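Chemist: Sharing a model that was predicted from the sequence below.
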Amino acid sequence: MGYVAIDQTVLGIPRDVIDKDNARLMDAHLADYEALAVRLARSGIDIEDIVSKLMSLEVGLPSWGMTSGGTRFARFPLAGEPNDVYEKIEDCSVVQQLTGLTPRVSLHFPWDLTEDYVALRQFGEAHGMGFDAINSNTFQDQVGQKRSYKFGSLSHANPQTRQQAIDHNLQCIDIGRQLGSKALTVWIGDGSNFPGQCEFTDTLERYLESLRAVYAELPNDWRLLIEHKMYEPALYSTVIQDWGTSILCAQALGDKAQCLVDLGHHGPNVNIEMIVARLAQFGKLGGFHFNDSKYGDDDLDSGSINPFQLFLVFNELVSAERRAKGNYNPSYMMDQSHNVTDPIESLLNSARAIAGAYVKALIVDREALKGYQADNDVIMAHNCLRLAFETDVRPALATARMRKGGAIDPIACYRASSYRALKAETRVFNPNLGGGIV
C-alpha cells in the first residue's frame, strides 16, 4: 500500500520556531528593508517589484547533495544524514520551508530507485516538494549490471553496451512521468585517457545515434538537457567536452534538446557568462547546475569562491529574459558536494547567494548601461555593474522568504530547531552510505 498524502504539508521545522526567530530579528529587518527601499528608489527602482520577481524564482535541489560528499580519499559521514530518497526529500523540504526558493528536488538514478513512484510523489507533495529534472547515471557500474561502462556508455564501441545505456535513460523517462518531472538530464563520462584510444568522430556519432533513440521516446512537453564537462573521468578527451559540442548535438537532435551549464565544468578562467549569452541567443540554454569552484569541478557552495562571476551569470540571464519577452524558461538547480559542512546549511547559504545574484542583476540600470556602452565609456559601463553587485540586497531576500513562510535568517532558525540533532536520534547511522559524489 502506497503512502497517502495528507491535506496539510508536513513541516520539518515547527512553525513556532520560525515565528519566534523572525520576531527576534523583525525590528532590525524592517529598518534595513526601509533603508534599501529608499536607496533603490533614488535610482527609480521599486523594491516591491524586485521582491515580487524574486518570489517567482525557483531553484531545484539535488537529492545527492543531501548527504555528505567526499573525495578520492575519504568521505566523512554526518550523523542524521538521510539513508534513502524519502529521507532526502524530508531534508529538501526543510530548505524549501526556510527559503521558499527550492520547491522541487532533482533525483538521480539508480541512486534514488524505490519500489513505488506514485507513493514517492505523494510523499513529496505532502512535504511541499515537487520533482525537477531526472538525472541518469551511465558513468558508474552498478551492482548486477551486465555490461561495464569502463570504456564508455552511450558512445561505447559495443552496441549492446550502448543499448544498455539507452534502456537506462528510457527507464528514467518512465520514472519521471510517474513523478511529474518534465526533463531528463544526461551527463556521460565517455571519452579517452590516451591518444589513439578512440576515434573522436566515431564516438560522437555513436553518442548522437544513442541519444536519438532516447529523444524519440521523450514526451512532447519534456526537455532533454545535455550536460557538458571538460574533463574527468576521461582526462585526454571527453565526448561532450564543451558548450560548442553540446549545442551542436542539441541542434542535431531537435527543439526539445537543450544545453545544461554546470558552473564547474569548464577550464580555469573560462568566460562562463559569455557562454550563457551565446546559448540563450540561439534558444539552446536549457538550464544550470549552480555551484562554485577554485581549481576544477569542485562542486563547492554557490557564491563561496567567486560571487562576482555568479552575479555576471545572472546579469546575462536577466538580459536574456528581457530579450525573450516571456518565451524563456531555463531550469535552475544546485549541484554540489558538501564534504565538511551540514548539507542543509550549505544549501541554505547557496540559496541566499543565488537569490542575491538574481536581485543584484535585476537592479542593474540597463538603460544607463546601454548608453555607456554606446559611448564606449568603459569605466562607467563597468561601474554600472559594480554598483549593483556591491548593493546589500539581503533585506529584499529576507522579505521574499518571509512572505513565503520562511525565515529572516535561515541558518540561525535551522540551528534553533535542532533538526539535525533530532534526525541523528531517529535515523540509522550508516558510515558506508553510497549514492552520491565520492
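Modeler: That came through fine. Numbering: from 1, shown residues only.
Chemist: buried set for stretch 36-54?
Modeler: For stretch 36-54, the neighbour count (16 or more other Cβ atoms under 10 Å) marks 36-37, 39-40, 45, 47, 50-51, 53-54 as buried. All C-beta atoms are positioned from the backbone trio N, CA, C, and that covers glycine.
Chemist: now stretch 154-174
Modeler: Under 16+ other Cβ under 10 Å, the buried positions of stretch 154-174 are 154-156, 161-162, 164-166, 168-170, 172-173.
Chemist: who touches residue 212 in this structure?
Modeler: Residue 212 is in contact with residue 253, counting by Cβ atoms under 8 Å, 6 or more residues apart in numbering.
Chemist: still on that earlier bit, helices - which of the buried residues of stretch 154-174 land there?
Modeler: Mapping the buried residues of stretch 154-174 onto helices (DSSP state H) picks out 161-162, 164-166, 168-170, 172-173.
Chemist: if we take those residues, which one ends up nearest to residue 314?
Modeler: Nearest to residue 314 among those, counting by Cβ to Cβ, is residue 172 at 29.4 Å.
Chemist: quick one, what contacts residue 369?
Modeler: 381, 384-385.
Chemist: do that again at 7 Å, thanks
Modeler: Counting by Cβ atoms under 7 Å, 6 or more residues apart in numbering, residue 369 touches 381, 384.
Chemist: That one falls within a helix, correct?
Modeler: Yes: counting by DSSP: H, G, I helix; E, B strand; the rest coil, residue 369 is located in a helix.
Chemist: Check which helix or strand residue 372 maps to.
Modeler: Residue 372 belongs to helix 366-374 when assigned by DSSP states H and E.
Chemist: in the helix or strand following that helix, what's buried?
Modeler: Beyond helix 366-374 in the direction of the C-terminus, DSSP H and E gives the next helix or strand as helix 378-389. Of the residues in helix 378-389, 381, 384-385, 387-389 count as buried by neighbour count, 16+ other Cβ under 10 Å.
Chemist: before we move on, what about stretch 56-76?
Modeler: Applying 16+ other Cβ under 10 Å to stretch 56-76 flags 57-70, 75 as buried.
Chemist: How about residues contacting stretch 187-201?
Modeler: So stretch 187-201 is contacted by 138-139, 152-155, 203, 207, 227, 229, 233-240 (Cβ under 7 Å, 6+ apart).
Chemist: quick one: residue 87 from residue 104, how far?
Modeler: Taking Cβ to Cβ, to the nearest Å as the criterion, residue 87 is separated from residue 104 by 17 Å.
Chemist: between those two, who's got more neighbours?
Modeler: For residue 87 versus residue 104, neighbours defined as other Cβ atoms under 10 Å are more numerous around residue 104 (21 against 18).
Chemist: related to what we said a few turns ago, adding secondary structure, pLDDT and distance to residue 252, write the buried residues of stretch 36-54 out as JSON lines.
Modeler: Formatted as JSON lines, those follow (DSSP: H, G, I helix; E, B strand; the rest coil; pLDDT from 0 to 100; distance: Cβ to Cβ, whole Å):
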{"residue": "36", "secondary structure": "helix", "pLDDT": "98", "distance to residue 252": "47"}
{"residue": "37", "secondary structure": "helix", "pLDDT": "98", "distance to residue 252": "49"}
{"residue": "39", "secondary structure": "helix", "pLDDT": "97", "distance to residue 252": "49"}
{"residue": "40", "secondary structure": "helix", "pLDDT": "98", "distance to residue 252": "45"}
{"residue": "45", "secondary structure": "coil", "pLDDT": "97", "distance to residue 252": "43"}
{"residue": "47", "secondary structure": "helix", "pLDDT": "98", "distance to residue 252": "45"}
{"residue": "50", "secondary structure": "helix", "pLDDT": "98", "distance to residue 252": "40"}
{"residue": "51", "secondary structure": "helix", "pLDDT": "98", "distance to residue 252": "42"}
{"residue": "53", "secondary structure": "helix", "pLDDT": "97", "distance to residue 252": "35"}
{"residue": "54", "secondary structure": "helix", "pLDDT": "98", "distance to residue 252": "37"}
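Chemist: need the strands for the stretch 1-150 of the chain, in chain order.
Modeler: Remark: strands assigned in the stretch 1-150 of the chain by DSSP state E, counting those that start in this stretch are 61-62, 104-106, 108-109, 130-131, 134-136.
Chemist: for the stretch 251-400 of the chain, that is, sorry about that
Modeler: 257-262, 285-290, 331-334.
Chemist: can those go into CSV with extra columns for mean pLDDT?
Modeler: Shown next, in CSV, are these (pLDDT from 0 to 100):
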stretch, mean pLDDT
strand 257-262, 98
strand 285-290, 96
strand 331-334, 96
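Chemist: okay if I get the ones you listed as a markdown table plus mean neighbour count and distance to residue 185?
Modeler: Formatted as a markdown table, the strands of the stretch 251-400 of the chain follow (neighbours: other Cβ atoms under 10 Å; distance: least, Cβ to Cβ, whole Å):
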| stretch | mean neighbour count | distance to residue 185 |
| --- | --- | --- |
| strand 257-262 | 25 | 6 |
| strand 285-290 | 26 | 8 |
| strand 331-334 | 24 | 9 |
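Chemist: Quick one: closest of the ones you listed to residue 15.
Modeler: Judged by Cβ to Cβ, the one of those that comes nearest to residue 15 is strand 331-334, at 25.4 Å.
Chemist: Could you give the number of residues near residue 371?
Modeler: Neighbours of residue 371 (other Cβ under 10 Å): 14.
Chemist: The one 3 residues further on now?
Modeler: Other residues near residue 374 number 9, with proximity taken as other Cβ under 10 Å.
Chemist: Please apply the same query to the one 3 residues further on.
Modeler: Here the count is done by other Cβ under 10 Å, and residue 377 has 14 residues near it.
Chemist: Could you do residue 267 as well?
Modeler: Residue 267 - counted by other Cβ under 10 Å - has 10 other residues nearby.
Chemist: OK, contacts around it?
Modeler: residue 230.
Chemist: ok, which stretches of the stretch 51-200 of the chain are helices?
Modeler: For the stretch 51-200 of the chain, the helices defined by DSSP state H, counting those that start in this stretch occupy 85-99, 117-126, 159-179, 200-215.
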